[in-house]
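# prediction below, plus the sequence it came from.
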Amino acid sequence: MSGSTFGRLFRVTTWGESHGAAIGAVIDGCPAGLPLSEADIQTFLDRRKPGQSKYTTKRNEADHVEILSGIFEGRTTGTPISLIVRNQDQRSRDYGNLAYTFRPGHADYTFTQKYGIRDYRGGGRSSGRETIGRVAAGAVASLLLKELGIGLISYAKSIGPVHIPDEDYHFTEITENSLYMPNNEAAAKAAEHLDTLIADQDSCGGTIECRVTGLPAGLGETVFDKLDACLAKAVMSVGAVKAVEIGDGLQAASLTGSVNNDAFASENGRIYKKTNHSGGVLGGMSDGSTLIVRAAVKPTPSISQTQQTVTEDGEETSISIHGRHDPIIVPRAVVVIESMTALTLADLLLENMGSRLDKVKAYYTEEKNVQ
């Protein structure tokens, strides 16, 4: 299987299946000297692990990470960092009746068409559990960004019909509710909606938003490797994501140029924008303002309602999916979107170091002086 490696300088390869022995990631290209411990990574994994509330799968996994290489005396060495999370609560028997039946909304049919064989136990490599490797690697990327004064904050902007307008954000409330929404009142309404769906054996989707502050201007390229293009690919690579927006996103299509354009201003020698419709990106490059990335997440396809489908032989049948499934993916996917954003930015920041000769000369001149 190709396509399991992300990035060019800060490269991440994820591996493992939902019901295999373990899942993990290998990071190559992380600069030496970054303070890193298993606890740093565990904080991120705890945000996506199952069993956090009644709105997440009851699969009992601690998702404890082990660092196998790339660390010495609490700092990265510049060599590949290998991370592993062992699976402990697989119940493959729950999927026995799905061995020859295609689940609606899943990758069963397409995986079979491509490879002629599939791991039907929880989806194998196409399972949402694959994101463990992304989150573990994203934690390392986030620590690198933090060293550069760059911060990320992510949350559920909407769940089902419950949307939070920007003016009603209360970021301190994100961790005060199990849905990771920046508004406790909205979270309570969303919970009521989810309770109704659970009773109806149904599910729903939502929107995740990630904001990045402290980015320098000029990050990204202006043709194929635009910052927003790289982010779109990274976020769309998450299994349940069906659309990505930067800044105003789809809303920009209904605006006029006079409204959508962000006016520039200057104060004490600093150039800034008075508004941020562009979401921090102009011409494919960061403009120094807050980067705003938004992901639309589809409803969980595993529902207990009876659905129509076919077997591998083309025989029409019906299916009711049982087992341990999230009625909504959004809360646990918040940290996944944040991680993919961090990985994208870490890679582009390292790549951007060689974009100007004066900066290259300054670096090597300084290095000679240090020696």
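Here it is on my side, so go on.
# what is the neighbour count of residue 88?
By the criterion of other Cβ atoms under 10 Å, residue 88 has 13 neighbours. Every C-beta, even on glycine, is put in place using the N, C-alpha and C of the backbone.
# could you do residue 318 as well?
By other Cβ under 10 Å, 9 other residues sit near residue 318.
# just residue 3 next, same as before
Burial of residue 3 is recorded as 6 neighbouring residues (other Cβ under 10 Å).
# what about the longest helix seen in the chain, average pLDDT?
Secondary structure of the chain per DSSP state H: the longest helix is helix 330-352. The average pLDDT within helix 330-352 is 97.
# by contact count, what packs against that helix?
The contact analysis (3 or more Cβ pairs under 8 Å, 6 or more residues apart in numbering; DSSP states H and E) places helix 330-352 against helix 38-48, helix 131-147, strand 151-159, strand 206-213, helix 227-236, strand 291-297.
# buried ones in it?
Neighbour counts using 16 or more other Cβ atoms under 10 Å place 330-352 of helix 330-352 among the buried residues.
# again, but for stretch 4-24
Buried residues in stretch 4-24, counting neighbours by 16+ other Cβ under 10 Å, are found at 6-7, 9-20, 23-24.
# pick out the most distant pair among those.
Set against one another by Cβ to Cβ, these have their most distant pair in 9 and 19, with a gap of 33.4 Å.
# so for residue 352, what's the nearest residue that isn't a sequence neighbour?
Taking Cβ to Cβ, 6 or more residues apart in numbering, and ignoring the residues beside it in sequence, residue 352 has residue 219 as its nearest neighbour in space, at 5.5 Å.
# who's in contact with that neighbour?
Applying Cβ atoms under 8 Å, 6 or more residues apart in numbering to residue 219 gives the contacts 227, 285-286, 345, 348-349, 352.
# now do residue 171
Contact partners of residue 171, counting by Cβ under 8 Å, 6+ apart, are 153, 155, 182.
# distance check, the residue nearest to the first one when sequence neighbours are not counted against residue 341.
What it means is residue 153. Beyond its immediate neighbours in the sequence, the residue positioned closest to residue 153 (Cβ to Cβ, 6+ apart) is residue 211, lying 5.3 Å away. Note on residue 211: its distance to residue 341, by Cβ to Cβ, to the nearest Å, is 9 Å.
# for those two, list the residues in contact with both.
A shared contact of residue 211 and residue 341, defined by Cβ under 8 Å, 6+ apart, is any residue touching both; here these are 152, 154, 293.
# verify the contact between the last one and residue 249 for me.
Translated: residue 293. No: no contact is recorded between residue 293 and residue 249 when judged using Cβ atoms under 8 Å, the distance being 9.5 Å.
# list the residues that contact both of the two?
Between them, residue 293 and residue 249 share these contacting residues under Cβ under 8 Å, 6+ apart: residue 279.
# quick one: which of these two has more around it?
Here residue 293 and residue 249 are set side by side on neighbour count (other Cβ under 10 Å), and the busier one is residue 293, at 29 against 16.
# what's across from the more buried one in the sheet?
When assigned by DSSP bridges, residue 293 has beta-bridge partners residue 210, residue 246.
# distance check, it against residue 234.
Residue 293 sits 9 Å away from residue 234, going by Cβ to Cβ.
# between the two, which contacts overlap?
Where contact means Cβ under 8 Å, 6+ apart, the residues bridging residue 293 and residue 234 through contact with each are residue 341.
# list the contacts of residue 142.
For residue 142, the contact set (Cβ under 8 Å, 6+ apart) comprises 44, 152, 338-339, 342.
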